[in-house]
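> can you look at this prediction? I've put the sequence above it.
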Amino acid sequence: MRPARIVHARTIIPSRRRDTIISQLHERGVCQLAKNDIVEFTSPYSFEKAEQVENLHLRFHNVNDILHQYKAPEQTTSVLKDFFLGKKTKKLHSDKHHLYDVLKMTEDHLDKIEEQVIHAQEQIVSAQEAIRQNSMRIRTIKLLPDMQTNYLVSSENIGILAGIVTRTSMEQIKEEINAPMMVDEVDKLRLFIIVMLEPAQKESIERVMHRIGFQSIEIPDDERRPQQIIESIKKENQVHETAIAKAKKNLHTIAKQHKNELDILSEEIGLAKEKHDAKKLFKASDALSVFDAWIPEKMLPHFENVLKEYAGSYHVEIQEKEDAPTHLENHKYAAPFENILRMYSLPRYGDFDPTWIIAIFFTIFFGFMLDDFFYGLIMTIAGIVVMKGAGRHNASSRDMGFLITALGVSTMFWGVIFGAYFGNIFQELGIPLPIVLDAMKQVIPTMALALTLGALHMSIGLIIGFIENLRKGKKIEAFSQQGVWLVFMLALISYITAGVGLIPVFVGTILLIIAILMQIVFTFKKSGGISAALSVFDFTGFLGDLFSYARLMALGIGTSGISLAINMMAILAATMIPYVGIVLAIFIFIVGHIFNMVMNGLGAFIHAVRLHFLELFTKFYEGGGEEYKPFKADRKKTFVKLE
């Protein structure tokens, strides 16, 4: 139950084969490239080439983003359908995955379509802006009186100010300006005004009006009336709209004709950037290149096969190091629970991997807290559908489906134990169903069962911690951090068994005294007398940790209690409300139990996580591992045929 064995490989290859090796390793994902400390060689990473790659990347995505708007829409499905049944993506074959091949192919493709695409897009943007400006002009011109608009333009003999003011500002303008005005209503809050002035007054009065809130508008110097000008502008807009339609049609055509090439290149250009960035981790001379890599032991033959086939000649130095990254490799049952461990932290390389403990106890705890047979049945069916549907195409969905199924089966099991089948609805209907322990009535046995599971959970953590510390040569830590509490746990078990007459009471007393003495001695050596005396109170803290498992019973009873309340409301609705009572009862029953299942399912998940992170992991687990991340091409749209 430890992370997979990983070796460190320092590899020397001919520099002329470097790009091929990078591409082959990238496609196969058999290693994680690592930094090296070689000072004799220099990095082959080229900032000039990186700039070329980045430039091509930006140019391509600029073109692709434009064309994406004009691609034929894909057939859409509902979110729920995608979640349960999945959606298989048809991948395109790519035969140009070497760095320089991709760069050349991208450059060639951009030469074909880039100018057309950008020109068409500029036409669209320009025409849309012209339409927007024309629309604003139309709104302004509609405010003008029905006369030749050049009559409203200032001349040598008369100054004219035209614009918009609020009704409040209008009152102030009338008070401060004594001049002929034409006023028309724009809307409930604004007015359109034309003020006629002597030319010499125009500038000073305009300043006053702007201070008050006047917004001037531009009047066309035209011999036509406003409606004639508007008609002319509308014809201009029709010309622009025709140009937009033509440009869009052109872009639709380009997007359709080049769809496959664009999909391939959109992925390949990103992967090309990854491959070039990988050169930062290489050191090279004209003849040789050196790189370091972390390789899972089972991938080592594949790594060496790549070197044999593509490097020609090579040299590899393999060794195991303590600072290796963590690569979890669990059985298919436990693997889906690795994501819960990741929420906390991965184990360091070589440390104990607690995924199996999580897989077993998380499943038990969740079911104990949700504890309803039909809730579990619904979850199990949903999980199987996800596994067989979306899980066929996606590993994450498969893991999610398995996790839901496992939690559902556990919930079904505890539902039978506690006799919960949509709460007590079948009992209310006079249908007897199996029950082992009635948690609502037999509280003490239920509490004892929850605490027994908690004691077992904590004891496993203490035993693992004890063994791990001994394995690492930390004998004092083993006895002070885990040994004390294992003896104390044995004392508690002895007192319980003494209560039923299996062993004498003094056995528990002796074990308790030993545990207290061990705690005082170890704490005294570490921190002195005062801390040693105070450390006795740590036993109450340990008991608090143990009794925190009572939440298993509390949440289980909570689920059952809410179910009972929902059933009672449904029965009352059905029996006391005429005609529509049965419909209302069905609605209350369905919605109520869905709410109860979701909310208490969420609560069960959170508290199961808490019991592992706070009660179990504090007994032995350190975490702090760095996850193994293979240098691998993440192909979502394309595939390559590897030789």
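Yes, it's here. From a predicted model like this one, the values you see are computed outputs, not experimental measurements.

> for residue 318, phi and psi?
Residue 318 has phi and psi values of phi -110, psi 130 when expressed as degrees, to the nearest 10.

> and for residue 572?
Per degrees, to the nearest 10, the backbone of residue 572 is at phi -60, psi -40.

> and for it, the neighbour number?
By the criterion of other CB atoms under 10 Å, residue 572 has 14 neighbours. The way it works is simple: take the backbone N, C-alpha and C, and place the C-beta from them, glycine included.

> list the contacts of it.
By CB atoms under 8 Å, 6 or more residues apart in numbering, no residues touch residue 572.

> any idea what residue 291 is bridged to?
residue 11, residue 282 (DSSP bridges).

> count the neighbours of it for me.
Residue 291 has 26 nearby residues by other CB under 10 Å.

> pretty sure it sits against residue 32.
No - between residue 291 and residue 32 there is no contact under CB atoms under 8 Å: 11.2 Å.

> the helix or strand that contains residue 403: what's the following helix or strand?
Assessed by DSSP states H and E, residue 403 sits inside helix 395-418. Downstream of helix 395-418, the next assigned helix or strand under DSSP H and E is helix 425-428.

> now do that following helix: which elements does it pack against?
Applying 3 or more CB pairs under 8 Å, 6 or more residues apart in numbering; DSSP states H and E, we find helix 425-428 packed against helix 550-576.

> tell me the buried residues in the helix it packs on?
Along helix 550-576, these residues count as buried under the neighbour rule (16 or more other CB atoms under 10 Å): 551-553, 555-560, 562-564, 566-567, 570-571, 573-574.

> what's the end-to-end length of stretch 182-201?
18 Å (CA to CA, to the nearest Å).

> in that stretch, which residues are buried?
Residues 186, 191-197 are the ones in stretch 182-201 that count as buried (16+ other CB under 10 Å).

> now do that stretch: everything it contacts.
143, 145, 152, 154-167, 170, 173, 177, 179-181, 205, 209, 214.

> run the last query once more with 6 Å
By CB atoms under 6 Å, 6 or more residues apart in numbering, the residues outside stretch 182-201 that reach it are 143, 158-162, 164-166, 170, 179-181, 205.

> reformat those residues as CSV; add distance to residue 387.
What follows is these, written out as CSV (distance: CB to CB, whole Å):
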residue, distance to residue 387
143, 66
158, 84
159, 81
160, 78
161, 75
162, 72
164, 65
165, 69
166, 65
170, 72
179, 82
180, 83
181, 78
205, 80
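
> from the residues you listed, which two are the most distant?
Farthest apart among the contacts of stretch 182-201 by CB to CB are 158 and 166. That separation is 25.9 Å.

> any low-confidence regions in this structure?
73-89, 96-97, 500, 643 (pLDDT under 70).

> check which helix or strand the residue of it positioned farthest from its centre maps to.
The outermost residue of the chain, judged against the average C-alpha position, is residue 157 (70.8 Å), by CA atoms, centre = their mean. Under DSSP H and E, no helix or strand contains residue 157.

> okay, it and residue 207: tell me how far apart.
Per CB to CB, to the nearest Å, residue 157 is found 22 Å from residue 207.

> narrow the contacts of stretch 182-201 to those in helices?
Counting by DSSP state H, the contacts of stretch 182-201 place 170, 205 in helices.

> residue 173: neighbour count?
If you count neighbours by other CB under 10 Å, residue 173 ends up with 21.

> residue contacts, it?
Listed by CB under 6 Å, 6+ apart, the contact partners of residue 173 are residue 212.

> helix, strand, or coil at it?
helix (DSSP: H, G, I helix; E, B strand; the rest coil).

> now do the host helix or strand of residue 366 and helix 395-418, the angle between them.
Element membership of residue 366, judged by DSSP H and E, is helix 355-370. In terms of direction (axes from the mean of the first three to the mean of the last three CA atoms, to 10 degrees), helix 355-370 departs from helix 395-418 by 50 degrees.

> all numbers from here: first residue = 211
Yep, numbering from 211; the last one is helix 565-580 now.

> using CSV, list the CA coordinates for helix 565-580.
Output of helix 565-580 as CSV, limited to C-alpha atoms (Å, rounded to 0.1, in the frame of the first residue of the first chain):
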residue,chain,number,x,y,z
THR,A,565,-6.3,5.1,-0.3
TRP,A,566,-7.5,1.6,0.6
ILE,A,567,-8.4,2.8,4.2
ILE,A,568,-10.4,5.6,2.6
ALA,A,569,-12.1,3.3,0.1
ILE,A,570,-13.3,1.0,2.9
PHE,A,571,-14.2,3.3,5.7
PHE,A,572,-15.4,6.3,3.7
THR,A,573,-17.9,3.9,2.0
ILE,A,574,-19.0,2.5,5.4
PHE,A,575,-19.3,5.9,7.1
PHE,A,576,-21.3,7.5,4.2
GLY,A,577,-23.8,4.6,4.1
PHE,A,578,-24.2,4.7,7.9
MET,A,579,-25.1,8.4,7.8
LEU,A,580,-27.4,8.3,4.8
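
> residues contacting residue 371?
405, 416 are the contacts of residue 371 under CB under 6 Å, 6+ apart.

> can you list the buried residues in the helix or strand where residue 666 lies?
Element membership for residue 666 (DSSP H and E) is helix 653-681. Within helix 653-681, the residues that count as buried by 16+ other CB under 10 Å are 656-657, 659-661, 663-665, 667-672, 674-676, 678-679.

> distance between that helix and the chain's centre?
Counting by CA atoms, centre = their mean, to the nearest Å, helix 653-681 is centred 33 Å from the centre of its parent chain.

> next, the buried residues of the very next helix or strand once past it.
Later in the chain than helix 653-681, the nearest helix or strand by DSSP H and E is helix 685-687. Within helix 685-687, the residues that count as buried by 16+ other CB under 10 Å are residue 687.

> contacting residues around helix 685-687?
Defining contact as CB under 6 Å, 6+ apart, one finds that helix 685-687 is touched by residue 679.

> C-terminal to that helix, what's the next element?
Following helix 685-687 in sequence order, the next helix or strand is helix 694-709 (DSSP H and E).

> show me what the very next helix or strand once past that next one is packed against.
The C-terminal neighbour of helix 694-709 among helices and strands, as given by DSSP H and E, is helix 715-737. Packing partners of helix 715-737 (3 or more CB pairs under 6 Å, 6 or more residues apart in numbering; DSSP states H and E): helix 694-709, helix 739-744.

> now do 10 Å
helix 685-687, helix 694-709, helix 739-744, helix 748-757 (3 or more CB pairs under 10 Å, 6 or more residues apart in numbering; DSSP states H and E).

> how far does the last one sit from the chain's center?
The reference is to helix 748-757. 36 Å.

> with stretch 752-762 instead?
When C-alpha coordinates are averaged (CA atoms, centre = their mean), stretch 752-762 and its chain have centres 33 Å apart.
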